[in-house]
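Trainee: fold the following and give me the result.
(one chain, ligands or ions: 1)
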Amino acid sequence: ADKPVDEDKQFIVMGTNAEFPPFEYIAGGEVTGFDVDIAKKIAEKLGLELKIENMQFSGLIAALQTKKIDFIAAGMTNTEERAKSVNFSQDYFEASQVIIVKKDSDAVKGKADLEGKKIGVQLGTTGEMEAKEIADATVESYDAGFAAVMDLANGKLDAVVIDQKPAEKFVSKNDKVMILEEELTKEAYAIAVNKEDDALLDTINQVIQELQESGEYDALYEKYFGE
Ligand code: ARG
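Mentor: Predicted structure coming up:
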């Protein structure tokens, strides 16, 4: 039990939801992105092959608890509520929720204007939780964040609440929408493991620390977030 993974295992399984560029997205038929590159380092450290299970974001924690996957790397925000069900690594990315609106409408200029509005979010996310706190708002939950942004562009929503970096990618693909300056939250992403997998958690923390100390983290940051 003090080994990071079972001795007879050849691979380690990352669970993710590849609807979240640039952390995880499909390119050339493969799941790729910032989180995938970190996961490859984790697999390398363990001397195992990396397998990726791409699933609904809202199903990831249950998949971890039932050991269908070994860890979650999915731009997942480290929250107290989730920490009751999983163990989180050290934080590896500072994030925030932002509001996306249509350029040709000034109905929503900031958080205060979201009251009573129709807001699109991704199912099971902190953006969804945040939107549900807003008085009289109607919250529409989508499997994929980009689908919400498309509905916003088509006039079916008043706003979308989603993480900043994916928001920037989505907005760059649709010139009818833009991101408001006012941020809704400050949060941080961490990798989640099963509550029983302490040795794996130690290894993951070690990898994150090594990436930061060696400068590899900065190189990855530049690769995915640089201009
Ligand atoms: N950071 C948000 C959360 O933890 C959204 C993450 C969505 N990630 C994804 N791969 N779709 O709830």
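Trainee: what residues does the chain have near the ligand?
Mentor: Proximity of the chain to the ligand (Cβ under 6 Å from any ligand atom) is limited to residues 16-17, 19-20, 24, 57, 74-77, 122, 125-126, 163. Where you see a C-beta, it was placed from the backbone N, CA and C, and this is true even at glycine.
Trainee: got the domain ranges for this structure?
Mentor: Per automatic domain parsing, the domain ranges recorded for the chain read 11-93+188-225, 97-179.
Trainee: CSV please, covering those and showing distance to Val5, mean pLDDT and mean neighbour count.
Mentor: Output for the domains of the chain, formatted as CSV (distance: least, Cβ to Cβ, whole Å; pLDDT from 0 to 100; neighbours: other Cβ atoms under 10 Å):
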stretch, distance to Val5, mean pLDDT, mean neighbour count
domain 11-93+188-225, 6, 98, 18
domain 97-179, 27, 97, 19
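Trainee: need the residues of the chain next to the ligand in CSV (columns: secondary structure).
Mentor: Output for the residues of the chain next to the ligand, formatted as CSV (DSSP: H, G, I helix; E, B strand; the rest coil):
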residue, secondary structure
Thr16, strand
Asn17, coil
Glu19, strand
Phe20, strand
Glu24, strand
Phe57, helix
Ala74, coil
Gly75, coil
Met76, coil
Thr77, strand
Gln122, strand
Thr125, coil
Thr126, helix
Asp163, strand
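Trainee: show me the contacts for Thr32.
Mentor: Each residue near Thr32 by Cβ atoms under 8 Å, 6 or more residues apart in numbering is listed here: Glu24, Tyr25, Ile26.
Trainee: longest single helix anywhere in this protein?
Mentor: helix 198-214 (DSSP state H).
Trainee: I'd like the next helix or strand past it.
Mentor: Downstream of helix 198-214, the next assigned helix or strand under DSSP states H and E is helix 216-225.
Trainee: which other residues reach that next one?
Mentor: For helix 216-225, the surrounding residues in contact (Cβ under 8 Å, 6+ apart) are Pro22, Phe23, Gly33, Phe34, Asp37, Ile38, Lys41, Tyr92, Lys165, Ile208, Glu210, Leu211.
Trainee: can you do 6 Å?
Mentor: Residues outside helix 216-225 that contact it (Cβ atoms under 6 Å, 6 or more residues apart in numbering) are Pro22, Phe34, Asp37, Leu211.
Trainee: one more: stretch 57-66?
Mentor: With contact meaning Cβ under 6 Å, 6+ apart, stretch 57-66 is reached by Gly15, Asn17, Ile69, Ile72, Ala74, Ser85, Val86, Leu123, Gly124, Asn194.
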